[in-house]
Every structure is written in C-alpha cells, then in structure tokens.
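J.: Output the structure for:
(2 chains)
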Amino acid sequence: MRARAIARVVGVLTAFTGLAMLLPLVVSLLHSENRSAKALLLSCGITMGAGGGMYLSSGRERYILSHREGMAVVALGWALAGLFGGLPFYIGEVFPSFTDAAFESISGFTTTGSSVLTDIESVDRGMLLWRSFIQWLGGMGIIVLSLAVLPFLGVGGMQLYKAEVPSPVPDKLTPRIRETAALLWKVYILFTALQVLLLSAGGMDLFESVCHSFTTMPTGGFSTRNASVGEFESAYFEWVIVAFMALAGVNFTLHYRALTGNPRSFTKDPECRVYLALLAGLTLLVALDTHGPVYQSFGKALRYAAFQVTSILTTTGYATADYEKWPAFSQLILMLCMFVGASAGSTGGAMKVLRVVLVAKYCYRELFRLIHPRVVMPVKLGKKAVPEEVLHGVMGFFALYMGVFAVSGVILCLMGVDLVTSLAAVAATMGNIGPGIGDVGPMENFAHIPAAGKWLLMWCMLLGRLEIYTIIILLVPEFWRK
Amino acid sequence: MKIVIVGAGEVGFHTASRLAMESKDVVVVDTDPKSLKRVSEHLDVAVVEGSGASPQVLAEAGVESAEILLAVTDSDEINLVSCLFTDLMSPATKKLIRIRDADYTDFAAKLRENPPHIDTIINPELEMSRFIVRLLEEPGAEDVAVFGGGRVRLVGVRVAPLSRLAGVRMKDLLANTGGRKLLIAAIVREEKLIIPSGRDTILQNDLVYFLAPAEDGFQPMELFGRSTRVIRRVLIVGGGRAGLRLSREISGLGLHVKLVEKDPQRCSFLAEALDKVVVLSGDGSDQELLTEENVADQDVVVTLTGDEETNILASLLVKRMGVAKAITRIDKFHYFPLMQAIGIEHVVSARMAAINSILQHVRRGKVISSVTLKGESGEVMEVVALETSGLVGKPIRDLSFPKGALIIAILRDGRVIVPTGDSVIEPRDRVVIIATSQAVPLVERALSVRLEYF
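T.: Below you'll find the predicted structure:
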C-alpha cells in the first residue's frame, strides 16, 4: 500500500467533485440565489483545494496501481466525494447538521435516493440541481466501476461481466477503463438527453426535466417534489420514467451493442431475459393484487404497479403511490425486489439479477447432486459454463450481503428504531433504492433516524454501492499488512 | 468398373469383399503389409503397398483409370490428402471419403465445390447414431432399414419364446394375426437368410423382417412377443464422439438421457456442450454407479465406448440388473457371430454403418439405396424401374425372378404399394427388393440386362 499512489488518484477524484459544483453555481447565479451561490462557490474552493493538495502531495512520480490499492482508491474516492459533496448543503444551511448534509450527499453519490429533506420544494434551485447532479455523477462512476474496475479486481463474480470493449492492451486496467468509460458514458449521456427531451415535450419545465433525468439514468431517485413523481399526476411522465428506469437497469454493454447494430443482444443475454421477465411478471402480480382493494380500474392498477415495481427493482426509488397502503402481498414483493436489484453492469444496485440467478442455479445443482452423486453439472449461463471460482465469489457475496444486512439491522434496532423500519431502512440503503417501508416509506423520509443510525446507513449505502467486498476488505487486517 | 480403396482396415476389407463378390475390379492400398496380406489371401482383389497419401502409390494403384476412389483409412488427414491428389491426377474419378471428425464434416459443401471435389463424405459415427435413433423409435426392433425417404421401413424383430407366432406356418399367418395383413419379407435363422414361402415356419429366436408401417392400430411387435412400450429413458455409456452425437440428438427428441463417461475432463466438456443431459463421471461397468442411477428403470442402455470388451461387459451387467434392452457398439467384425450366443441382441457398429453407407453411395445411380441385413446374410435394395427394364409391364408372378429374392414394396407417386402376384410395375416406380447374399449377383445379373444398374 503506497499512500502517495492512493492520494494521487483520490485527489483527482475529489478535485473533480469540486469542479462539478460549478454547474449548480451557474444555475444559482442565474436565479440570483445569493446564499446558495456563495455556499457552492466556497465548497467548490474547499473541495478543489483539498483534492489539489492531495494530488500535489503525491509528488511527481507516476504509479501503476496494484490490486489492493485499486480497492482502496475505489472505497476512499467514493467516501470522500460523498463527504465533500455534502459541503454545499451544510454551508448553504439546507441542513442544520453536517450529518444530514453528508447523508444526503452520500445517498446521492451512491445513487440511493434516501433523503432527509422534508420540504424539498422550498430549497433553492441551485441546491436541487446539485442534489440531482451528484446522482448523475455517481451513476457515471458506477458504470466504470462495475464494467471496468470490479471485473478486473475480480470482485464477487463480476468477472463474468467484463465489458467487451476493444482495447489494444486487454489486460491493463488503465487503457481499458479509459476506453470503456468513454464508450459507455456516451450511451449514458445519450439516454439522459433523450429523457430530458421526452419529458419537456410532455410539458414538464426544463429545470425539472433535467433534474429528473439526472436521477433516472443512474437509478438514483431524488425528485424535486415532496411527493416524488406522483405529484405530477401525469401518466405520460410516469410511463416515460418507467421506460428509462427499465433501460437504466440493463447492462450498459448491451445498450452499447444494441446501438452499434445488434438489437437482439437484449433477448440473447441470459441475465437480461430474467430481468425483463421479472419486471413484466411482478408488475402483473402486483397489478392483479392491487386491482380491487386499492384501485378500481385494472388500467390504473397496472400503471401504479408498473411504476413501483420498476422503480424498486431497478433500485431507483421514485414513488407515485403510497405502497404502504397496498396489500401485504404486494408490499412483500416490493421488499424482495429490494434485494434482487437490477442487472450487473447497470447503474442499479442491490445483489443484481445475475447473482440471484447464479445462486438459484447453484442451489439447484446441490439438490441435483444429492440425487445423482456422480453427476458433472456446471452451472451454465446461456450456453457457457460459469467457472467455479466465479461461483464461489458469488456465493461469498450472497452470504456477506445477508450478514451485513442482519448485523446492520440489529444495530439500528438497538438505537431504538422499530423492527420493520430498521430492516427496511437497511435493505433500502444497502440496495441503493431510497425509500423503504414503515417509518421510512415512500411518503416519509430518513430525517427522524438518530444521527448514529444515519452514519450506519451511509456506511450501508457505500457497502452496497461498492459491491460489499471493496469496502469490507478495509476491515480485514490482512489487507493492511505489507 | 474399377475401384481404388485406400485403407485395408475393417471398413476397407469388408467393402472390398462385398464389391469383389459383385465382380468389380478392386485395388486396395495400405501401408501395412499384414493387412494387405489378409486382403489378398481372402479376396479376389489387387493390392498395392504404400501410403494412400502418396501420388506415386495412387498412380501405381491406377487411380487415373478408376471410376471411384474410396478413402477409408482411420486417419481423416490421409483420406483428405488422398482425395486431393486423386483430384489433381484424375478429376473424373468419383471420390468417397470417410471422415470422423465433426469439424471437417461441417465443410462438406465446400469440399464438394472446391478442390478436392469430394463427392460424398461418410461419417461413421453419424450413420451409426442415425441407426440407433431408428432403433429407439421402433421399440422392440433389432434392426430397422428405411427406404423411399422413410415411407417404407423394414423392421427386424427377434421372435420371443412366448410369441403367438412361434411355430406358425407362413400360410397360416393370417389366421394368427386376427385377420390383419402382415408382410414378412425375410427370416434370418442361424445367420442364414430365408425368403419365406408358404411352407416355411416361424420359429422362436428367428429374426423376422416385416414391412412397416402396418395398418392403423395394428402392433405386429406384440405378436412377436416384444414390448412396444415407448422409450423415454436412455442411459449411454461412453462420451466419445458417438456418445456426444447420440445424446444431443435424442435429448433433442425429448428423451431423458444420462451419459456416463470415465474421463472427468471430458465430462466437464460434455456437460457444457449438452443441455438437459445428465452427465455422470464414472465407469459404465461400475455396479455401484449403476445402482445409484437406478439403472433398472432405464428403458434402454446404449454402450458406445471405443472398447468392445467394456461395451460387452457393461451391456451384460445392465441386462442382469434388469434393463430390458441394451444396444452394444462392437467394431470388431469377428465378434459378431458370438454375440447371439452370449446374449447380446442389439449390436451396432460404426464400421458396419460406414460400409453400408459406402455401398449405397457406390451404387448411386439407378439403385437408390441398399442395406445389408444382419450378419451380411442378405441385402435390401431400392431401384428405379426403367421403361426398358424387364420388370415393367408384367404381373409380378410372370416375372422370371431368381429364387431367394422378393419384391417387397413398390413406391408410386409417394404411395406405398404392397405387391401381390397380380401387381404390375410401371415405369419410374421405385421397387424395394430383398435378396439373400447368394441371390444378390443373380438378381443383379437378371436385372443388369434390362435394368440400368450403374
């Protein structure tokens, strides 16, 4: 572990976070929001100063990051971006405490969308744009992370989803990241622009279209309205957002392939097929369940079910309905969706459809082996056998995920939060969804959680976002040994 | 007609033997003097010692004046090179090649259009696998031959001791089938083919060939005391090329397939390549494994390893454990006569399949196909009746047909006609004829004057 090597990369990331504050600063100035503009300018200075300082302190030597340093950079980079990103909220007095400011910012950078902001509509436009913009930046980071960095580091079975980007030196991390990122970001930016266009065409004002598009593509879920997307009461907006949430939950490599003339890659990809089947199937189940007790017409039930299922399964976290008033069956389906999540290689969080599929196949194989002790049966994905070490990574990930979920839930209960709220809050933050059930449901927020609990949930967001291993490895003493 | 055969192994030897019996001009080429000695001692053919891949040797064998080249060594590469030089030296020569590697067979069309212009590629494993599939589709059968693009099937069945037909004379057949018509084309008894007349009697343990499909809802199998239970579960021993091909094919037909293979690495490969097939790592003659997998509940066990002895032992073992039907792959021809004695009923052979297929292609012309019956005791061929032929225009009973030969079906406009003495063959009809080995040359001679044979 070379501190200077890490400081160099993390410094650049931090400085970039500061630089990004210039966009909301411009918007603030345009709307002559003086207090926010000042706060953004000051935060921008502090963040860029800190980042630049770290960079300069690393000296002039160039480093090639090792495996372990790579993990440390990812973990530290995300945490620092989150903390510095909270500065404008704190300095601009959007929140009274730094805890709340950091919670909102980390929830943004991890594209979670859990909020501690009670009256969103009273906040300055510059601040609202920053709040959405950090989600969009977080989404960009995740694409690179999940398709270029984590597969290379071999985290949790992500090796299966190496982005197939032509690269002159296929085994080197740096040129891969650069090229992969460039290609996939183009897709990301294209979809965002398209969504802005479609939303404003439907009559949403430009500022709100941009903010919502900034939080849809990264499956973030921050809205500019107190009652989330539901406040617009527009079926058109809802279906546009459903479509883009669903797109954001697909592996971006598939989007890239589809856009370069291979539209059948969606139906060919085994994970994508399960993902689409889940979206359609669960929507139908929830619609059938809510039709009658909640909604009079099936069309309406379908509209709200589609939105909520897509929102939770892709881990976006927008709401158009108070699903806590839905029957228990529908609530449980949504709760389980919080664990499944979207596809690997998408901006969505949680365990990922791919891993759930592999765990299910692995379990089936174990049962099969009891019946046929001598059977040779690779776990297959499509036509290809999945290597055993990848399966071990996936099983380990599954166990860790459940373990962290259990421990965090227990600690939160210890702080006096009730049972359902504790479990839902941990599931919603680890899965980077946003709202949960109970006192953190779609119509409430996380403001009432005790400060220590908020830090715990921030930790959960980072864990979930960075695929558990990358963060939890920092706690393993072996990691720090020379 | 001159034919050069490259390779004096089992396939080369037996093909040469059959062609020599039909008084063709055969030259056999091989590098191994011992194999050549066997050929020259037993058969009336010429031999040339040397590699079939060498142009000099091919020239010496007279490939320039040959009508057909058969490249049937065990090596795909030598066969290909041999075809290549033949193509260069004598483009008019027809080339038949035996290729085992599926990687090459995918190029069949390209190899035909481009040099070396190979006319026919024969894949023994593929032919054998097709034959096994036919056996599985016809439960109870021991042999199945297909004619007229599948419209006529000649089914061979072993008469069980408890069969209602055992001991019945041919002329009393109708009374014993409950008035249903059943055309028995041939009986193989102690490796001899009998074309039955009214006086012949069906005995138990005879291999009886009858014409299928019979009338609707009529199950001749049951009359012979054989089960007609549809086959659903198959266990295959041996995951080589043949095992892989067969597993893929029959699991595609919806059968439940278990595949046993010894080599763990090969198992991993098979398991990845095959969907829906349960791949088991172990020895096919391991009793414990067979018990674990409830072998007694399998409808059929097919043993396809490359080792005859393993196949025989595994087949005997599973039969003892209660499997009704075992299909055994045996490629050593001198084992064939023993099989009946040790209780192995269903024998398949990639080499036999290759020979059948080669003979069929050699005769391409007016003979559409020909199939050898069990034990090489006779042959069934499908021919086109030309206008000039002596077959046409007369009722069958007036034809001067050799003893030991029988017309068993006429195919006209896609219909199958079972001939009686009054039937008249029309020009362009396809005729299926069965003949004993002794009668084959006679039939040929009888037909060759009028019927264009090659």
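J.: Now do the same for the residue lying farthest from the centre of chain A: its pLDDT.
T.: The outermost residue of chain A relative to its centre, with distances by C-alpha atoms, centre = their mean, is residue A:374 at 42.0 Å. At residue A:374, the pLDDT value in this model is 92.
J.: next one: residue A:174
T.: The per-residue pLDDT reported for residue A:174 equals 58.
J.: count of residues packed around the residue lying closest to residue B:26 once chain neighbours are set aside?
T.: Leaving aside its sequence neighbours, residue B:26 sits nearest to residue B:45 (C-beta to C-beta, 6 or more residues apart in numbering or on different chains; 4.0 Å). Bear in mind the C-beta positions are built from the backbone N, C-alpha and C, glycine included. For residue B:45, the number of neighbouring residues by other C-beta atoms under 10 Å in any protein chain shown comes to 20.
J.: my read: residue B:45 touches residue B:20, true?
T.: Yes. At 5.2 Å, residue B:45 counts as touching residue B:20 under the criterion of C-beta atoms under 8 Å.
J.: quick one on the thing from earlier: list the contacts for the residue nearest to residue B:26?
T.: The contact partners of residue B:45, taken as C-beta atoms under 8 Å, 6 or more residues apart in numbering or on different chains, are B:16, B:20, B:26, B:27, B:28, B:39.
J.: Apply 10 Å and report the result again.
T.: Counting by C-beta atoms under 10 Å, 6 or more residues apart in numbering or on different chains, residue B:45 makes contact with B:3, B:5, B:8, B:13, B:16-17, B:19-20, B:24-28, B:39.
J.: and if you look at residue A:237?
T.: With contact taken as C-beta under 10 Å, 6+ apart, residue A:237 is in contact with A:198, A:199, A:202, A:203, A:204, A:208, A:209, A:212, A:229, A:230, A:320.
J.: If I look at residue 430, what pLDDT would I see?
T.: Using chain A here. Residue A:430 is given a pLDDT of 95.
J.: looking at chain B here, not the other one
T.: 83.
J.: do the same with residue A:7
T.: For residue A:7, the model assigns a pLDDT of 89.
J.: Output the below-cut-off pLDDT ranges for the chain.
T.: Assuming you mean chain A. A:152, A:154-176, A:482 (pLDDT under 70).
J.: ah, I was thinking of chain B
T.: Residues of chain B that meet the criterion pLDDT under 70 lie in B:213-218, B:363-370, B:372, B:374-376, B:387-389, B:444-454.
J.: rewinding a little: among the contacts of residue B:45, which one sits closest to residue A:63?
T.: Top of the list for closeness to residue A:63, among those and by C-beta to C-beta, is residue B:8 at 69.5 Å.
J.: And the closest one, how far from residue B:46?
T.: Distance from residue B:8 to residue B:46, counting by C-beta to C-beta, to the nearest Å: 12 Å.
J.: where do the contact lists of the two overlap?
T.: Taking C-beta under 10 Å, 6+ apart as the contact rule, residue B:8 and residue B:46 both touch B:28, B:29, B:39, B:40.
J.: Counting neighbours, what do you get for residue A:32?
T.: Neighbours around residue A:32, by other C-beta under 10 Å: 8.
J.: So which of residue B:8 and residue B:46 has more stuff around it?
T.: A direct count of neighbours by other C-beta under 10 Å for residue B:8 and residue B:46 places residue B:8 higher, at 29 against 16.
J.: helix or strand for the more buried one, which one?
T.: Using DSSP states H and E, residue B:8 sits within no helix or strand.
J.: How are the helices of the stretch 351-454 of chain B distributed by residue range?
T.: B:439-448 (DSSP state H, counting those that start in this stretch).
J.: Return the nearest residue of it with respect to chain A.
T.: Going by C-beta to the nearest C-beta, chain A is nearest to residue B:353 of the stretch 351-454 of chain B, at 28.6 Å.
J.: List the contacts of that residue.
T.: Listed by C-beta under 10 Å, 6+ apart, the contact set of residue B:353 reads B:11, B:122, B:123, B:124, B:125, B:126, B:127, B:128, B:129, B:130, B:131, B:132.
J.: Okay, and which of those map to helices?
T.: Under the assignment DSSP state H, the contacts of residue B:353 contribute B:11, B:124, B:125, B:126, B:127, B:128, B:129, B:130, B:131, B:132 to helices.
J.: Which stretches in the stretch 301-450 of chain B count as strands?
T.: B:325-329, B:346-348, B:367-372, B:378-384, B:405-412, B:415-417, B:430-436 (DSSP state E, counting those that start in this stretch).
J.: residues of the longest one that come out buried?
T.: To tie it back to what came earlier, the one meant is strand B:405-412. Using 16 or more other C-beta atoms under 10 Å in any protein chain shown as the test for burial, strand B:405-412 gives B:405, B:406, B:407, B:408, B:409, B:410, B:411.
J.: Pull out the buried positions in the helix or strand hosting residue B:109.
T.: Per DSSP H and E, residue B:109 falls inside helix B:108-113. Across helix B:108-113, burial judged by 16+ other C-beta under 10 Å covers residue B:111.
J.: and what of stretch B:149-164?
T.: So, applying 16+ other C-beta under 10 Å, buried residues of stretch B:149-164: B:152, B:153, B:154, B:155, B:156, B:157, B:158, B:159, B:160, B:163.
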